[in-house]
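Peer 1: coords below, sequence missing:
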Ligand SMILES: Cc1cc2nc3c(=O)[nH]c(=O)nc-3n(C[C@H](O)[C@H](O)[C@H](O)COP(=O)(O)OP(=O)(O)OC[C@H]3O[C@@H](n4cnc5c(N)ncnc54)[C@H](O)[C@@H]3O)c2cc1C
Ligand SMILES: NC(=O)c1ccc[n+]([C@@H]2O[C@H](COP(=O)([O-])OP(=O)(O)OC[C@H]3O[C@@H](n4cnc5c(N)ncnc54)[C@H](OP(=O)(O)O)[C@@H]3O)[C@@H](O)[C@H]2O)c1
Ligand code: FES
């Protein structure tokens, strides 16, 4: 139930993005003061890109958390992610190269991210069976691997660091053999 | 009638006008995940590249359209990403062009600086046992093409009415897909993009009992947890697993310790064996997981000679194969017969060679290192200049859609390196690329299907689907597909 509801939103959001309707330049994104109470996911998403309502409040830190993505070459990019948004959506809004073949429907494993600190990993809810089923097939699986489309920003995750797996290094001609988990 | 030169030019003009004066001409053969991921990475990495993706079908996406099960719509969402690649102004999809008959590899090499072969695996591994060509024995590939509306299987059809039992050989994900399609209530499939002819046949199917037979044990089952969970969850389905088969040896324990996928599959099988009623009610559909049985021969029917009546299996035990750490099935000399008039072999796909391309018939792949095609598979590492492989043709028929993404990254890395070295001179000289190909195809009367012609098919299928409460109703004959597209 939860999954389908969420995934539909994921697909919707990304379609919107790719049609170019909701591009969010980084500068504007970080400057935007995001303050309205979060009513529903849809509102949350669209309001985060509307760049209006700036006068409504100044406590952006309560509504957004800071997340750092570390790419395949070790390069870091810090972004602000509104509470409630998935790391997949956040990555795409900020031009971070995280794949999302099934657009958040929990059917592909390409949005694989590695939580860099165990302390943060433990703050996440345990993955559901369905997420574990997809993680089984993720390349370069580690002890702290998660699917980016299933990690949702919440206040405790402020300061989260996520690595994109360096997949090519693990790629063998005979197929990838996951490490014990 | 071929589309005219002017028309072809108009269809592809967008791309022709926008590229540099001496673009890098790249041809990708096959529009499955491997082909599309290769094109995507190529376009991204080489701003001067112009990429053409040819496919023998009028429709793109390979097994995402003709393999992925109709009740897995989420898996097909990836086609959104692929269609964006096809719409890139430096990219063209050119459908209805078959490597080997419409155009040869030699010709492609003359016209393009780089050729990447990603034409998948369109044949089947064989068992090589007596009776394999009896009627009633099919490959899972044909069955899947049939229910997914591949135009090559429109007039092929399995007999689902004169028997209540089907035997599926193999326990990989394809076997599970096939079992699920046979056992799921047809009403649940009616709202998917399953081919209408297949839905009609499944609605009238008398198959009630399916045996999924593996030559090794539940610890080695080739399927993954997601697919297994799904088949175990089919409404009103009686699941049968022999508890004795679940007993683990120390070698099994060791295997499980090192393999998360197998561990989770084994857990699901054990749970399914322990739970649920031990008997089924009359008429209930049944799925039997049968382990440690290697097909030995197919049995001819007494009353209908030339038709299969059953399969003889040899019971097996597992032995560690020296050095590999893998356990293989070895025969025990004890046999058991299963009656069945419908047998589906799901033991793996196999690629087919084309003229002028080295091929390792043993492995069923093109010999390559990191995607660079080698002159032969015997230790000689000389490379065929400008020819690369990706996907199932490169690695063999395993792996999910995402595997092809990493596979494409590897092939693109090899190409990029070669462009700086061995290919540097050749790519400095102009080649005719797309224009040359279209001219050649026109002279041969080949009707090419550009991406916007495929979009007409797409729109028509969705329109037909909306009338039946399906996401799409596939056009399943070559005639219909070409008529709507052209
Ligand atoms: C039944 C089935 C179900 C699957 N389900 C899933 C799933 O749910 N999830 C998942 O992640 N993976 C799934 N897979 C695996 C996935 O489909 C493959 O990993 C992937 O499609 C392989 O990509 P490919 O591009 O190498 O080959 P293909 O997808 O087979 O693409 C090959 C393309 O080449 C074209 N072609 C063939 N011959 C020629 C020629 N001579 N000239 C021109 N073009 C040619 C074909 O028309 C085709 O379009 C499934 C596989 C099968 C068989
Ligand atoms: N939903 C999905 O993600 C999905 C769906 C469909 C397919 N796929 C992928 O597509 C790929 C292909 O799937 P597949 O099912 O065709 O292949 P597969 O996973 O390799 O399974 C092949 C099966 O055939 C058996 N087999 C092979 N040779 C045999 C022989 N000579 N005699 C008896 N049994 C034999 C194997 O047993 P042994 O193990 O003993 O060799 C195995 O059970 C897989 O990687 C699969 O995961 C994914
Ligand atoms: S985007 Fe496919 S599983 Fe997350």
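Peer 2: Arrived safely, thanks for sending. What you see is a predicted model, and the numbers here were worked out from it, not measured in a lab. Ligands and ions are numbered 1, 2, ... in the order given.
Peer 1: List the buried residues of stretch B:99-114.
Peer 2: B:99-100, B:102-103, B:105, B:108-109, B:111-114 (16 or more other C-beta atoms under 10 Å in any protein chain shown). C-beta here means a position set from N, CA and C on the backbone, and glycine is covered the same way.
Peer 1: Please disregard the earlier target; I meant stretch B:247-263.
Peer 2: So for stretch B:247-263, counting by 16+ other C-beta under 10 Å, buried means B:252, B:255-256, B:259-263.
Peer 1: who in chain A is up against ligand 3?
Peer 2: Contacts of chain A with ligand 3, taken as C-beta under 6 Å from any ligand atom, map to A:88, A:100-102, A:104-111, A:134, A:147, A:149.
Peer 1: Also within reach of chain B: list those from the residues you listed.
Peer 2: By C-beta under 8 Å from any C-beta of the partner chain, the members of the residues of chain A next to ligand 3 lying near chain B are A:101-102, A:105-110, A:134.
Peer 1: out of those, which is most surrounded?
Peer 2: Among those, the one with the most neighbours (other C-beta atoms under 10 Å in any protein chain shown) is residue A:102, at 29 neighbours.
Peer 1: Need the three-state assignment for it.
Peer 2: coil (DSSP: H, G, I helix; E, B strand; the rest coil).
Peer 1: tell me the phi and psi of it?
Peer 2: Main-chain torsions, residue A:102, degrees, to the nearest 10: phi -100, psi 10.
Peer 1: Filter the residues of chain A next to ligand 3 down to the ones in strands?
Peer 2: residue A:147 (DSSP state E).
Peer 1: Residue B:341: which of the residues of chain A next to ligand 3 is nearest?
Peer 2: Closest approach to residue B:341 among the residues of chain A next to ligand 3 (C-beta to C-beta): residue A:107, at 35.2 Å.
Peer 1: Tell me how far that closest one lies from residue B:401.
Peer 2: Distance, residue A:107 to residue B:401, by C-beta to C-beta, to the nearest Å: 9 Å.
Peer 1: The nearest residue to residue B:481 once chain neighbours are set aside and ligand 1: what is the separation?
Peer 2: Of all residues not flanking residue B:481 in the chain, residue B:58 sits nearest, at 4.5 Å (C-beta to C-beta, 6 or more residues apart in numbering or on different chains). For residue B:58, the distance to ligand 1 (C-beta to the nearest ligand atom, to the nearest Å) stands at 10 Å.
Peer 1: ok, residue B:58 - how many residues close by?
Peer 2: By other C-beta under 10 Å, the residues close to residue B:58 number 23.
Peer 1: part of a strand, is it?
Peer 2: No - remark: residue B:58 does not belong to a strand; assigned using three-state DSSP, it is coil.
Peer 1: ok, and does the biggest helix by length in chain B reach over to chain A?
Peer 2: Counting residues, the longest helix found in chain B (DSSP state H) is helix B:401-420. Yes - applying C-beta under 8 Å from any C-beta, one finds helix B:401-420 touching chain A at B:401-403, B:405-407, B:409-410, B:413.
Peer 1: most surrounded residue in those?
Peer 2: residue B:407 (28 neighbours).
Peer 1: out of the residues of chain A next to ligand 3, who's nearest residue B:214?
Peer 2: Closest to residue B:214 out of the residues of chain A next to ligand 3 is residue A:134 (23.6 Å), distances taken as C-beta to C-beta.
Peer 1: Give me the nearest residue to the closest one, chain neighbours excluded.
Peer 2: residue A:109 (4.4 Å).
Peer 1: does that neighbour really touch residue A:137, like I thought?
Peer 2: Yes - with contact defined as C-beta atoms under 8 Å, residue A:109 counts as touching residue A:137 (4.8 Å).
Peer 1: what's the spacing between the residue of the stretch 51-200 of chain B found nearest ligand 2 and residue B:178?
Peer 2: Nearest residue of the stretch 51-200 of chain B to ligand 2: residue B:172, at 2.2 Å (C-beta to the nearest ligand atom). Separation of residue B:172 from residue B:178 (C-beta to C-beta): 10 Å.
Peer 1: These two - which one has more neighbours?
Peer 2: For residue B:172 versus residue B:178, neighbours defined as other C-beta under 10 Å are more numerous around residue B:178 (25 against 21).
Peer 1: If we ignore the residues flanking it in sequence, what's nearest the more buried one?
Peer 2: residue B:140 (5.2 Å).
Peer 1: how many other residues sit next to the one you found?
Peer 2: When neighbours are defined as other C-beta under 10 Å, residue B:140 has 23 of them.
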